[in-house]
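Visitor: Give the three-dimensional model of this entry:
(2 chains)
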Amino acid sequence: DTEVTQTPKHLVMGMTNKKSLKCEQHMGHRAMYWYKQKAKKPPELMFVYSYEKLSINESVPSRFSPECPNSSLLNLHLHALQPEDSALYLCASSQEVEGNTEAFFGQGTRLTVV
Amino acid sequence: GEDVEQSLFLSVREGDSSVINCTYTDSSSTYLYWYKQEPGAGLQLLTYIFSNMDMKQDQRLTVLLNKKDKHLSLRIADTQTGDSAIYFCAEGSSASKIIFGSGTRLSIRP
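Guide: The predicted structure is shown next:
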């Protein structure tokens, strides 16, 4: 199993809603990542978790709140988003943060904020 | 800071070879990657090469690295319609430090 599974695939939410994006991997990877990708742009790193602890926060606004309940799951809680937050949100995982750098990406959640 | 540059578009005839080029700035990068992204989908790691290698071949894919010029290329032999996608070049010293280029959109004409 070399898959990173993200749900939902599509999400439309209002600016006052609270929603969560979910990511799951069963490859035994200890590093998991959230990326944001705007249309026609490369992915931008948001958060890195290493051994279930947040190790990198790339100055992401607090309306995005990550959570790593266990080594296989990564969530991204969303609250009071703005229309400019509409994007494809990609989850990725790798064996470790350092060293082996083959990162596996999920299919993404396409988020639209209305 | 680190930067990765690649051309935005490439159009090739079906059956021809596609060559996508990329330049990068960070000479300390350990790994150079090529990712493929189909419309509406996530990123698929196609291949990667260590910075101490010159070439890597994997079936229809050939990666060439010129470390002196900081130039990376991806050659796709016998390009098929299923190869239509955006191809991202990326460099990194670890999985948490990957810098992506802007992506090259490859289109295939009959």
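
Visitor: Other residues contacting stretch B:15-27?
Guide: B:1-7, B:10, B:12, B:32, B:34, B:67, B:69-79, B:83, B:87, B:89, B:91, B:93, B:99, B:101, B:104, B:106 (CB atoms under 8 Å, 6 or more residues apart in numbering or on different chains). Bear in mind the C-beta positions are built from the backbone N, C-alpha and C, glycine included.

Visitor: Which residues of chain A lie near chain B?
Guide: Residues of chain A found near chain B (CB under 8 Å from any CB of the partner chain) are A:4, A:6, A:31, A:33, A:40-43, A:45, A:48, A:50, A:55-56, A:90, A:92, A:94, A:96-108, A:110.

Visitor: What separation is there between the closest residue to residue A:80 other than its chain neighbours and residue A:17?
Guide: On the basis of CB to CB, 6 or more residues apart in numbering or on different chains, the spatially nearest residue to residue A:80 that is not a chain neighbour turns out to be residue A:63, at 5.0 Å. Computed as CB to CB, to the nearest Å, the residue A:63 to residue A:17 distance reads 11 Å.

Visitor: I'd assumed residue A:28 was in a helix, is it?
Guide: No. Using DSSP: H, G, I helix; E, B strand; the rest coil, the assignment for residue A:28 is coil, not a helix.

Visitor: Tell me, how many residues neighbour it?
Guide: Under the neighbour criterion other CB atoms under 10 Å in any protein chain shown, residue A:28 is assigned a count of 10.

Visitor: Show the pLDDT at it.
Guide: According to the prediction, residue A:28 has pLDDT 93.

Visitor: now the strands: where do they sit in the chain?
Guide: Went with chain A since none was named. A:4-7, A:10-13, A:18-25, A:31-37, A:44-50, A:53-57, A:64-70, A:73-79, A:87-94, A:104-105, A:109-113 (DSSP state E).

Visitor: Actually, chain B is the one I wanted.
Guide: In chain B, the strands defined using DSSP E lie at B:4-6, B:9-13, B:18-24, B:31-37, B:43-50, B:55-58, B:61-66, B:71-76, B:85-92, B:98-100, B:104-109.

Visitor: Can I get the ones you listed in JSON lines including mean neighbour count?
Guide: As requested, these are exported to JSON lines (neighbours: other CB atoms under 10 Å in any protein chain shown):
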{"stretch": "strand B:4-6", "mean neighbour count": "20"}
{"stretch": "strand B:9-13", "mean neighbour count": "13"}
{"stretch": "strand B:18-24", "mean neighbour count": "19"}
{"stretch": "strand B:31-37", "mean neighbour count": "23"}
{"stretch": "strand B:43-50", "mean neighbour count": "18"}
{"stretch": "strand B:55-58", "mean neighbour count": "12"}
{"stretch": "strand B:61-66", "mean neighbour count": "17"}
{"stretch": "strand B:71-76", "mean neighbour count": "20"}
{"stretch": "strand B:85-92", "mean neighbour count": "24"}
{"stretch": "strand B:98-100", "mean neighbour count": "22"}
{"stretch": "strand B:104-109", "mean neighbour count": "17"}
